[in-house]
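Participant: For reference, the sequence and a predicted model appear below.
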Amino acid sequence: MHSISEALSLALALVFSADPDLFEIVGLSLYVSLSATLLACVLGLPLGALLATTRFRGRGAALVVVNALMGLPPVVVGLFVYLYLSRSGPLGFLGLLYTPTAMIIAQTLLITPIVAALSRQVLESLDGEYAEQFQSLALSRWQRVQALVWDGRYALLTVALAGFGRAVAEVGAVIIVGGNIDHLTRVMTTAIALETSKGELALALALGIVLMTLALAVNAMVYSVRTTATKAAYA
Amino acid sequence: MRDTSMLDVSSTDVATPTGLSAIGLQFDASKAALIRGLTLHLPDSGIHCLIGPNGAGKSLTLRLLHGLLPPKAGQVFWRGVALSASDRVAQAMVFQKPVLLRRSVEANVDFVLKSRRTKDPDFRDSLLNRVGLAGRNKQPARLLSGGEQQRLALARALAIRPRVLFLDEPTASLDPNSARVIEDILCEERHHGTLCVLVTHDVGQARRLADSVAFVADGTIAEHSPADQFFRAPTSAQARDYLSDHLVL
Ligand SMILES: Nc1ncnc2c1ncn2[C@@H]1O[C@H](COP(=O)(O)OP(=O)(O)O)[C@@H](O)[C@H]1O
Ligand SMILES: [Mg+2]
């Protein structure tokens, strides 16, 4: 068992020596979570736009459901995806369990409600401001939605970054459907869990440092996007 | 020059075949009757002012005329036919508080042109020039001063080449220069045959611009007269009181 300071210096050595194992794990994490973020935007943004700009029966209930899904426990999502993808499950024939694709699916399910709910808020408050002007201009529904998405672009970018932040830091879902297989489905969070339980604190800490740095970088990006937008009064 | 035959409030419950008419408009909100049987006939062109005290229903009337709000009863007619979606496409409104897109000055005008499936940078630049914003194309619209924002909102309204232009106190709280630019443009538009319906607080502005004045009080039209007559000898007690309050100043 290392002491904390020993582990820390080994961890920093791993980070700064660009350890290939470490890089592989970080690379897979980014691949899985960025793919999930992209898919969640493709699915969640139109859903958010629909909820923001239409009034239909049961809309209130739909909003409650989407907002509740924002707080989905990752292990439950993992379990759900596992049931579908396991060999006896309805999608078992695809052979996706314990692959990066399974992890992308799980994270997409996890963060799509976040993207949908937050973009709904962004677009609805913008619509509240623009609605009468757009009505006066006799815009079509599609023209309205396009304009709202474009004018909400900075806020929507921060929504996507929030989704990415949640995906990359999540461990419960990917460990169930990915299995934490070395060189195949091992990502930062699952590796940290495993290495810590084995007492291999150096790699765990090294990954922890990278993950924290990533979180800081994402937040710095959110901040700079916001300031850029605010300066031009585009936020 | 000023056609007074259209302006007789009492005469009719059918729409005049020309111009914009509202007949028997009613509008409620949370059980309060805000617009109460409002009838108004405006000719095909010219500048026509709605004046009246705060909360009288001027803004609501403008929204009803433009079709932004559905009346509870009554109807709006354009040239004797119930206002249709295609009539509305040829109408524009300048709101009291301009709502500008989070884009550049020129993109705000281009947006409207594009919504009408046109793209015409020369026309856009000529509009910006008309409202005194030439060369400001690339600036973020929402960083303009209040007066500049309102002038941009007017340029954007003019971009659709409106047949009817509604303006809700467009010069309230603007600098004198911006107010003059807007008044000058309204006069030009009158010259081009546009119908301008202007809500204003400013009796002086109504005197300078109006062909006719409709006095709104308590959700209805108390009086609608040709401007010279309205200012010389208003027939309604409400308008007389209002004018004596506002002219003494
Ligand atoms: N959506 C609404 N709901 C309730 N009351 C309203 C609404 N819109 C306007 N009112 C009320 O109707 C009256 C007339 O409003 P408005 O037309 O804005 O007056 P103004 O003549 O000052 O433009 C005001 O008393 C206002 O408070
Ligand atoms: Mg008003």
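Facilitator: Arrived safely. Ligands and ions are numbered 1, 2, ... in the order given.
Participant: hey, C-alpha coordinates of the worst-scoring helix or strand of chain A on mean pLDDT in CSV?
Facilitator: Every helix and strand of chain A was ranked by mean pLDDT, DSSP states H and E. The lowest is helix A:4-16, at a mean of 88. Extracted as CSV, the C-alpha positions of helix A:4-16 are listed here (Å, rounded to 0.1, in the frame of the first residue of the first chain):
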residue,chain,number,x,y,z
ILE,A,4,-0.9,9.2,-0.5
SER,A,5,2.1,11.3,-1.4
GLU,A,6,3.9,8.4,-3.0
ALA,A,7,0.8,7.6,-5.0
LEU,A,8,0.5,11.2,-6.0
SER,A,9,4.0,11.4,-7.3
LEU,A,10,3.6,8.2,-9.2
ALA,A,11,0.3,9.5,-10.7
LEU,A,12,1.9,12.7,-11.9
ALA,A,13,4.7,10.7,-13.4
LEU,A,14,2.1,8.6,-15.3
VAL,A,15,0.4,11.8,-16.5
PHE,A,16,3.5,13.6,-17.6
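Participant: Enumerate the residues of chain B near chain A.
Facilitator: B:66, B:68, B:85, B:88-89, B:91-93, B:95, B:99, B:101-103, B:111-112, B:115, B:140-143, B:160 (CB under 8 Å from any CB of the partner chain). Bear in mind the C-beta positions are built from the backbone N, C-alpha and C, glycine included.
Participant: Quick one, which of the residues you listed are buried?
Facilitator: With burial judged by 16 or more other CB atoms under 10 Å in any protein chain shown, the buried subset of the residues of chain B next to chain A is B:66, B:68, B:88, B:91-93, B:95, B:101-103, B:111-112, B:115, B:140-142, B:160.
Participant: Counting by contacts, list what the helix or strand containing residue B:156 packs against.
Facilitator: Secondary structure assignment for residue B:156, by DSSP states H and E: helix B:146-159. Applying 3 or more CB pairs under 8 Å, 6 or more residues apart in numbering or on different chains; DSSP states H and E, we find helix B:146-159 packed against strand B:91-94, helix B:105-115, helix B:121-130, strand B:164-168, helix B:176-191.
Participant: Show me where chain A has its strands.
Facilitator: Shown for chain A, no strands are assigned by DSSP state E.
Participant: residue farthest from the centroid of it?
Facilitator: residue A:136 (37.8 Å; CA atoms, centre = their mean).
Participant: still on that earlier bit, got the buried residues for the helix holding residue B:156?
Facilitator: B:147-159.
Participant: for stretch A:60-75, same thing?
Facilitator: A:62-63, A:66-67, A:69-70, A:72, A:74.
Participant: quick one: the helices in chain A?
Facilitator: For chain A, the helices defined by DSSP state H cover A:4-16, A:20-53, A:59-69, A:74-85, A:100-136, A:141-151, A:153-168, A:172-178, A:188-198, A:201-231.
Participant: could I get those helices as a markdown table with distance to residue B:194?
Facilitator: Listed next are the helices of chain A as a markdown table, based on distance: least, CB to CB, whole Å:
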| stretch | distance to residue B:194 |
| --- | --- |
| helix A:4-16 | 69 |
| helix A:20-53 | 32 |
| helix A:59-69 | 40 |
| helix A:74-85 | 59 |
| helix A:100-136 | 16 |
| helix A:141-151 | 24 |
| helix A:153-168 | 35 |
| helix A:172-178 | 61 |
| helix A:188-198 | 64 |
| helix A:201-231 | 37 |
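Participant: Among those, which comes closest to ligand 1?
Facilitator: Relative to ligand 1, the nearest member of those by CB to the nearest ligand atom is helix A:100-136, separated by 11.2 Å.
Participant: what about that closest one and chain B, any contact?
Facilitator: Yes. Counting by CB under 8 Å from any CB, chain B has neighbours in helix A:100-136: A:129-130, A:132-133, A:135-136.
Participant: end to end, how far does stretch B:99-109 reach?
Facilitator: 12 Å (CA to CA, to the nearest Å).
Participant: Need the mean per-residue confidence for that stretch.
Facilitator: When pLDDT is averaged over stretch B:99-109, the result is 97.
Participant: for chain A, which spans come out with low pLDDT?
Facilitator: A:1-2 (pLDDT under 70).
Participant: Up against ligand 1, what does chain B have?
Facilitator: B:29-30, B:34, B:52, B:54-60 (CB under 6 Å from any ligand atom).
Participant: Of those residues, which is the most crowded?
Facilitator: In terms of neighbours by other CB atoms under 10 Å in any protein chain shown, these top out with residue B:52 at 27 neighbours.
Participant: quick one: that residue and residue B:217 touch, right?
Facilitator: Yes. Using CB atoms under 8 Å, residue B:52 makes contact with residue B:217 at a distance of 5.4 Å.
Participant: what is in contact with these two at once?
Facilitator: residue B:238 (CB atoms under 8 Å, 6 or more residues apart in numbering or on different chains).
Participant: Surely residue A:25 is in contact with residue A:189?
Facilitator: No. With contact defined as CB under 8 Å, residue A:25 does not reach residue A:189; the gap is 9.8 Å.
Participant: hang on, the earlier thing: buried sites along the least confident helix or strand of chain A?
Facilitator: A:7-8, A:10-11, A:14-15.
Participant: before we move on, the earlier item: the residues of chain B next to ligand 1: which two are farthest apart?
Facilitator: B:30 and B:52 (21.8 Å; CB to CB).
Participant: Can you report how many residues neighbour residue 19?
Facilitator: Assuming you mean chain A. 17.
Participant: not what I meant, chain B
Facilitator: 21.
Participant: same question, residue A:110
Facilitator: 27.
Participant: ok, now which ones touch the residue nearest to it when sequence neighbours are not counted?
Facilitator: Distance criterion CB to CB, 6 or more residues apart in numbering or on different chains; nearest residue to residue A:110, sequence neighbours excluded, is residue A:77 at 4.9 Å. By CB under 8 Å, 6+ apart, the residues touching residue A:77 are A:106, A:109-110, A:172-173.
Participant: Mind doing that once more with 10 Å?
Facilitator: Residue A:77 makes contact with A:69, A:105-111, A:170, A:172-174, A:176-177, according to CB atoms under 10 Å, 6 or more residues apart in numbering or on different chains.
Participant: Ok, residue A:176 next?
Facilitator: A:74-82, A:97-98, A:102-103, A:106, A:190.
Participant: Which of the residues you listed has the largest number of neighbours?
Facilitator: residue A:103 (32 neighbours).
Participant: looking at it, that residue is touching residue A:172, isn't it?
Facilitator: No. With contact defined as CB atoms under 10 Å, residue A:103 does not count as touching residue A:172 (11.6 Å).
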